[in-house]
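> Attaching a predicted model along with its sequence, questions to come.
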Amino acid sequence: MSTFDLFDADADPAANAPLVLEPGASVLRGFALARVGTLRRDLDAVIAAAPLRHLVTPGGKTMSVAMTNCGALGWFSDRSGYRYTGCDPLSDRPWPAMPASFRALAVSAASRAGFEGFAPDACLVNRYVPGARLTLHQDRDERQLGQPIVSVSLGLPAVFLWGGAQRGDRTRRVPLSHGDVVVWGGPARLRFHGVMPLAEGEHAFMGACRINLTFRCAG
Ligand code: MD6
Ligand code: FE
């Protein structure tokens, strides 16, 4: 890439060429920025219908990240395991519908990263406050491992850990900011990954937290 390319891309972050972490995994810097107003409004409605809560892992630990879902399926964890459910176990009602703004963003980000025809049926909402973290894990509870995952970062910056096929493989630190979108699938779909403890801070638009939306085809 020439110096001129870099200057051009900086003028319009959404036009940036994807940063390729490895084949199948890329970071689209600022891809969601133009839509954050609508995303925030729709997010507030989802959280009002299905409140954020701290799930318990099968091992009995309470997660530091608070979670909820929208879409036909939602990710859930308790002492009996990880799974997708059609209803929110807190209310026994279906998860809130996936807002059209969420779906449109996820489909266009997937397409920008080279995955046409992404059909997400699940959106996991993660809220991190300072100190909250996500330990290294693989996303493998989805039935359609042929479809990518689209991950949208809002609010405070975080350091994403990008690992390998084995838990013990060395990890690369990838800073993620408000509006960044990560897309991964294909050969990278089962990579270990995590999020370092969130640093203290106050984000002008989202407050003292980071929200991550991950879109999957789970059913
Ligand atoms: C997060 N994300 O960024 C946590 N998983 O808060 C994930 O665990 C994740 O970003 C699968 C695919 C993309 C992700
Ligand atoms: Fe994950």
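Looks like it arrived, so ask away. Ligands and ions are numbered 1, 2, ... in the order given.

> how close does residue 130 sit to residue 197?
Separation of residue 130 from residue 197 (Cβ to Cβ, to the nearest Å): 8 Å. For every residue, glycine as well, the C-beta is placed using N, CA and C.

> Over to residue 174?
Using Cβ to Cβ, one obtains 15 Å as the distance from residue 174 to residue 197.

> How about residue 160?
The spacing between residue 160 and residue 197, counted by Cβ to Cβ, is 12 Å.

> and if you look at residue 161?
For residue 161 relative to residue 197 (Cβ to Cβ), the value is 11 Å.

> With residue 110 instead?
Counting by Cβ to Cβ, the separation of residue 110 from residue 197 is 29 Å.

> Pick out whichever of these two has more residues nearby.
Counted by other Cβ atoms under 10 Å, residue 110 and residue 197 do not tie: residue 110 has more neighbours, with 25 against 13.

> immediately after the host helix or strand of that one, which helix or strand?
For residue 110, the host element (DSSP states H and E) is helix 100-112. Scanning the chain past helix 100-112 towards its C-terminal end, the next helix or strand to appear is strand 122-128 (assignment: DSSP H and E).

> Contacts for that following strand next, please.
Contact with strand 122-128 is made by 43, 46-47, 52, 64-75, 84, 98, 102, 106, 134, 142, 156, 158, 195, 198, 209-219, as judged by Cβ atoms under 8 Å, 6 or more residues apart in numbering.

> Can you pick out the ones from those residues that are in strands?
With DSSP state E as the criterion, strands contain 66-70, 74-75, 84, 134, 158, 195, 210-216 from among those.

> which of these come close to ligand 1?
Among the ones in strands among the contacts of strand 122-128, the ones lying near ligand 1 by Cβ under 6 Å from any ligand atom are 134, 195, 212, 214.

> What is the nearest of those residues to ligand 1?
When those are compared for distance to ligand 1 (Cβ to the nearest ligand atom), residue 212 comes out closest, at 3.2 Å.

> ok, now which ones touch the closest one?
Neighbour list for residue 212: 125, 126, 128, 151, 152, 153, 154, 158, 195 [criterion: Cβ under 8 Å, 6+ apart].

> Against residue 181, how distant is it?
In this structure, residue 212 and residue 181 are separated by 10 Å, where distance is defined by Cβ to Cβ.

> Need the residues touching each of the two.
Among the neighbours of residue 212, those also in contact with residue 181 (Cβ under 8 Å, 6+ apart) are 151, 152, 153.

> now, among these, which is nearest to ligand 1?
The shortest approach to ligand 1 among those belongs to residue 151, at 3.0 Å (Cβ to the nearest ligand atom).

> mind listing what the spatially closest residue to residue 99 that is not a sequence neighbour touches?
Across the structure, with Cβ to Cβ, 6 or more residues apart in numbering as the measure, the residue nearest residue 99 apart from its sequence neighbours is residue 42 (3.8 Å). Shown here is residue 42, whose contacts under the criterion Cβ under 8 Å, 6+ apart are 99, 101, 102.

> Work out the gap between stretch 81-89 and the centre of the chain.
Relative to the chain's own centre, stretch 81-89 is displaced by 18 Å; criterion: Cα atoms, centre = their mean, to the nearest Å.

> Next, the buried residues of it.
Buried residues in stretch 81-89, defined by neighbour count with 16 or more other Cβ atoms under 10 Å: 84, 88.

> Contacts for it, please.
Looking at stretch 81-89 with Cβ under 8 Å, 6+ apart, the contacting residues turn out to be 50, 58, 68-69, 72-78, 93-95, 122, 141-142, 218-219.
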